[in-house]
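J.: could you work out the structure for the sequence below:
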Amino acid sequence: MRARTLLPIVFAALGCSNTAAVAVDAGPPDTGRADAAPTDIVVASDAGVEADVEALPDAGACTYDAAVEDVPVPPIHTPRWAFEPWISKDISTTADTYAFVDGFRERDIPVGAVVLDSPWETHYNTFQPSPTRYPDFDRLVTDLHTRNVRIVLWMTQMVNQSGYDLETGGDLYMGPAANFAEGLRCQFYVNDGQLYTWWKGRGAGVDFFNPRARAWWHEQQNRVLDAGIDGWKLDFGESYVTGNTVRTAAGDRAHQEYSEAYYRDFLAYGVQRRGREFVTMVRPWDESYQFPGRFFARREHAPVAWVGDNRRDWIGLEDALDHMFRSAAAGYVMIGSDVGGYLDRDDRNLMTEIPFDAVNFARWTAVGAMSPFMQLHGRGNLTPWTVPERAEEITNIYRYYSKLHHALVPYLYALAEEAYAGGPPIVQPFGDMVNWPRNYTYRLGPAFLVAPILDATGRRNISIPTGAWYSWWNQDAPSFAGGRVIEDQEYTNIQQIPIWVRSGAIIPLNLEDASLGFGNASGRGALTILIYPDTSMTTFNLHEGATPSPVTALRGLDSATLSIGPVATPVLLRVRFDPGARAVSVDNARVTRHDTREAFDAATEGFWVEASTRWVWVKLAPSTATRPVRIGL
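T.: Residues are numbered from 1 along each chain as shown. Next up is the predicted model:
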């Protein structure tokens, strides 16, 4: 007799709601094909996510035999590449992935990583690339690395007895995943192999408390790990293993403990197999669909943390900010959201469509750039140049903010390293939780204050902390005093949201052209450091080499005194010095003043004063020693 199960249909929201279900013929085992159609599809409403308690057939004796090893959990680390802008699509192929990446590059929009979301495998979850979608997977990985783009694969901890894709353009699966029966025979699943419906079918959850199950699971990952993938995007399939406790090989465990073991194990084995540059992309605090909010991966197992599945409107933007703020307050470091929002449906009523809103997308893009993690991802599979309205304007805005985020990589990476060593998280919410709604102002490290625009008016009140602050958008404007609320501030230009820079800020940048309004192509291969000296000394630790390299700045009445720690590349200092410099000394010796930017760019060392006289550029050659710099009249 054919087995049947109720499976959640998420209509257009695919990912996690369970407002309807289908009964699917289990069929014969998967043979690696992803193009065969299931039969006997019946629609039924209000299925819920209850486990299927139907008795499973006798799976036979376990023949799996492999050495069991303890995989150490690595210290938390987010590699530098992960701070670059990411892009992602739900449905893709080899040709589409090339076109997706190259479309950004051809439009001069930085891309550091691409996520292959589901479907990419022969079944959920076999770790075997689909031969129809990705027939030469290894070459794709190599080609992307040649483009200096990393590749991350979507994954959960479920192994399916039956599966499906409900997205337009998804795959169809015949029978169980090829590895399902072996896991069942060997008792490698939690709750005695009980089946659960989730948004990709019906399956069982791997038991991460069983050492033999972990070894079996790791062995299967080797196919794509050894091909050179750079990370996993770990979705929340464990939320569909219902109940407060989970039966495991180590006894009953709290569901939260099972959830944390899932994320810990993928990180530990990926880093062991691929090295310190490998990442997992996981949820920190998240509240999506019908599930109550909670923390998913522990912060020490979250090298990249994203708050996902938000709807693409102003409600979704505030939800994303709320989840980011909760995560930052709990000590998560590398956090961000799906730029523009993932869902084009109301997650509480999937029959309600959420239309694309160019203004919301632009505002969200700015928030994404001014977050540690920036990723474009949405059910609409949009690119900036294919949005349904104002495409040219949106492309230009997205280009600017992607370049800003790329420029900020040395700043963000250094702050992450400091945070993992015991410093504060990068995102620091302003005010207490009760005051976050309709505000969501935050510090991005010690340098920036960011106040997102939260509705279509382009206006908001902004609370400014004490101290002196400079406008990011008008860099020649004088500083202004904080410790007050600026009421009804207007930002109707959709390219700009309120961004200020604190007096005393030291901001290392990858500055490779003039897209940010200063600098040019001469910055390629050099480290640019933007400095706003204050009357109190400030320090920033660069992390450009094996050890931290401190930079300090102090402003006097008629001079600014800096020290630049060892840096292996040329250094370009852009220093705010309102009086306008007449002399600059490096290593206590005066250096040449260059009259033009062209002469300054051609020189090995020296200084140049911008026409506004508020900014002084100083060029330093690579050095293994700390170099004192004095700017004065």
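J.: so Asn541 bridges to which residues?
T.: With beta bridges defined as DSSP bridges, Asn541 has these partners: Pro550.
J.: contact partners for it?
T.: With contact set as CB atoms under 8 Å, 6 or more residues apart in numbering, Asn541 has these partners: Ala414, Glu417, Glu418, Pro548, Ser549, Pro550, Val551. Using the backbone N, CA and C atoms, a C-beta is placed for each residue, glycine as well.
J.: show me the contacts for Glu121.
T.: Ala34, Phe127, Gln128, Pro129, Ser130.
J.: widest-spaced pair of those?
T.: Across these, no pair lies farther apart than Ala34 and Phe127, at 13.6 Å, counting by CB to CB.
J.: when the two are compared, which one has more neighbours?
T.: Between Ala34 and Phe127, Ala34 has the larger neighbour count (other CB atoms under 10 Å), namely 23 against 20.
J.: what about stretch 299-314, start to end distance?
T.: One end of stretch 299-314 to the other measures 27 Å (CA to CA, to the nearest Å).
J.: let me fix that: stretch 341-357
T.: Using CA to CA, the end-to-end distance of stretch 341-357 comes to 11 Å.
J.: try stretch 431-444
T.: Counting by CA to CA, you get 14 Å between the two ends of stretch 431-444.
J.: starting at the chain centroid, how far to it?
T.: Offset of stretch 431-444 from its chain centre (CA atoms, centre = their mean, to the nearest Å): 21 Å.
J.: likewise stretch 526-538?
T.: For stretch 526-538, the distance to the chain centre is 28 Å (CA atoms, centre = their mean).
J.: and what of stretch 176-195?
T.: Stretch 176-195 has its C-alpha centroid displaced from the chain centroid by 32 Å (CA atoms, centre = their mean).
J.: try stretch 464-477
T.: The chain centre lies 28 Å from the centre of stretch 464-477; the measure is CA atoms, centre = their mean.
J.: just the terminal-to-terminal distance for that stretch.
T.: For stretch 464-477, the end-to-end distance is 17 Å (CA to CA).
J.: same question, stretch 571-588
T.: End to end - CA to CA - stretch 571-588 spans 17 Å.
J.: quick check: mean pLDDT of that stretch?
T.: Stretch 571-588 shows a mean pLDDT of 95 in the predicted model.
J.: buried residues in it?
T.: For stretch 571-588, burial by neighbour count (16 or more other CB atoms under 10 Å) applies to Val571, Leu572, Leu573, Arg574, Val575, Arg576, Phe577, Ala581, Val584, Ser585, Val586.
J.: go on, stretch 558-569?
T.: Per 16+ other CB under 10 Å, stretch 558-569 contains these buried residues: Ser559, Ala560, Thr561, Leu562, Ser563, Ile564, Gly565, Pro566, Val567.
J.: who touches that stretch?
T.: By CB under 8 Å, 6+ apart, stretch 558-569 touches 525-527, 529, 531, 533, 542, 544-545, 548-555, 571, 573, 575, 577, 579, 620, 622-633.
J.: ok, what's across the strand from the most centrally placed residue in the chain?
T.: With distances taken as CA atoms, centre = their mean, Phe373 lies nearest the centre of the chain, 3.7 Å away. Counting by DSSP bridges, Phe373 forms beta bridges with Gly336.
J.: that one contacts Ile335, doesn't it?
T.: Yes. Counting by CB atoms under 8 Å, Phe373 touches Ile335, with 5.9 Å between them.
J.: what touches both of those two?
T.: Here Phe373 and Ile335 share the contacting residues Ala305, Trp306, scored by CB under 8 Å, 6+ apart.
J.: returning to that earlier point: ok, so of the buried residues of stretch 571-588, who is nearest Thr365?
T.: Nearest to Thr365 among those is Arg574, at 25.0 Å by CB to CB.
J.: list buried residues within the contacts of Asn541.
T.: Counted by 16+ other CB under 10 Å, the contacts of Asn541 give Ala414, Glu417, Glu418, Ser549, Val551 as buried.
J.: switch those over to TSV; also include pLDDT.
T.: Below are these laid out as TSV (pLDDT from 0 to 100):
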residue	pLDDT
Ala414	98
Glu417	98
Glu418	98
Ser549	98
Val551	98
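J.: pull the most distant pair out of those.
T.: Pairwise distances across these (CB to CB) peak at 14.4 Å, for the pair Glu417 and Val551.
J.: just give me the longest helix of the chain.
T.: helix 255-274 (DSSP state H).
J.: all helices for the protein, in order.
T.: So, for the chain - with DSSP H - the helices run 94-106, 137-146, 180-185, 211-225, 255-274, 314-329, 358-369, 391-407, 409-420, 597-602.
J.: show me which residues of the second one are buried.
T.: Within helix 137-146, the residues scored as buried using 16+ other CB under 10 Å are Phe137, Leu140, Val141, Asp143, Leu144.
J.: what angle do that helix and helix 211-225 make?
T.: With axes from the mean of the first three to the mean of the last three CA atoms, to 10 degrees defining the directions, helix 137-146 sits at 70 degrees from helix 211-225.
J.: same question, the first one
T.: With the same axes, to 10 degrees defining the directions, helix 94-106 sits at 60 degrees from helix 211-225.
J.: what packs against helix 94-106?
T.: Packing partners of helix 94-106 (3 or more CB pairs under 8 Å, 6 or more residues apart in numbering; DSSP states H and E): strand 86-89, strand 113-116, helix 137-146.
J.: tell me the contacts of the residue nearest to Ala419 when sequence neighbours are not counted?
T.: Distances taken as CB to CB, 6 or more residues apart in numbering place Val333 nearest to Ala419, at 4.6 Å, with adjacent residues excluded. Val333 makes contact with Ile76, Thr78, Arg299, Ala302, Ala305, Pro372, Ala416, Ala419, Tyr420, Pro425, Ile426, according to CB under 8 Å, 6+ apart.
J.: just give the number of residues close to the last one.
T.: Which is Ile426. For Ile426, the neighbour count with other CB under 10 Å is 27.
J.: before we move on, what about the fifth one?
T.: Burial of Ala305 is recorded as 29 neighbouring residues (other CB under 10 Å).
J.: what about the nearest residue to it once chain neighbours are set aside, how many residues nearby?
T.: Excluding the flanking residues, the one nearest Ala305 by CB to CB, 6+ apart is Pro284, at 4.1 Å. Residues near Pro284, counting by other CB under 10 Å, number 26.
J.: confidence score at Pro284?
T.: The per-residue pLDDT reported for Pro284 equals 98.
J.: against Thr624, how distant is it?
T.: Distance from Pro284 to Thr624, counting by CB to CB, to the nearest Å: 39 Å.
J.: cool, Arg105 as well?
T.: Distance of Arg105 to Thr624, given as CB to CB: 35 Å.
J.: looking at those two, which is more packed in?
T.: Neighbour tally, Arg105 and Thr624, criterion other CB under 10 Å: the higher count belongs to Arg105, 13 against 9.
J.: and the more buried one, what does it touch?
T.: With contact set as CB under 8 Å, 6+ apart, Arg105 has these partners: Val111, Arg147.
J.: what of the one 4 residues further on?
T.: With contact set as CB under 8 Å, 6+ apart, Ile109 has these partners: Pro85, Pro384, Thr395, Tyr398, Arg399, Ser402, Lys403.
J.: export those as JSON lines, with columns for pLDDT.
T.: Shown next, in JSON lines, are the contacts of Ile109 (pLDDT from 0 to 100):
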{"residue": "Pro85", "pLDDT": "98"}
{"residue": "Pro384", "pLDDT": "97"}
{"residue": "Thr395", "pLDDT": "98"}
{"residue": "Tyr398", "pLDDT": "98"}
{"residue": "Arg399", "pLDDT": "98"}
{"residue": "Ser402", "pLDDT": "98"}
{"residue": "Lys403", "pLDDT": "98"}
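J.: what's around Tyr532, how many residues?
T.: Neighbours of Tyr532 (other CB under 10 Å): 25.
J.: so who does the closest residue to Asp578 other than its chain neighbours touch?
T.: Nearest-residue entry for Asp578: Arg614, 5.4 Å, with adjacent residues in sequence omitted and distances by CB to CB, 6+ apart. Contacts for Arg614 were tallied using CB under 8 Å, 6+ apart; they are Gln475, Asp476, Arg576, Phe577, Asp578, Gly580.
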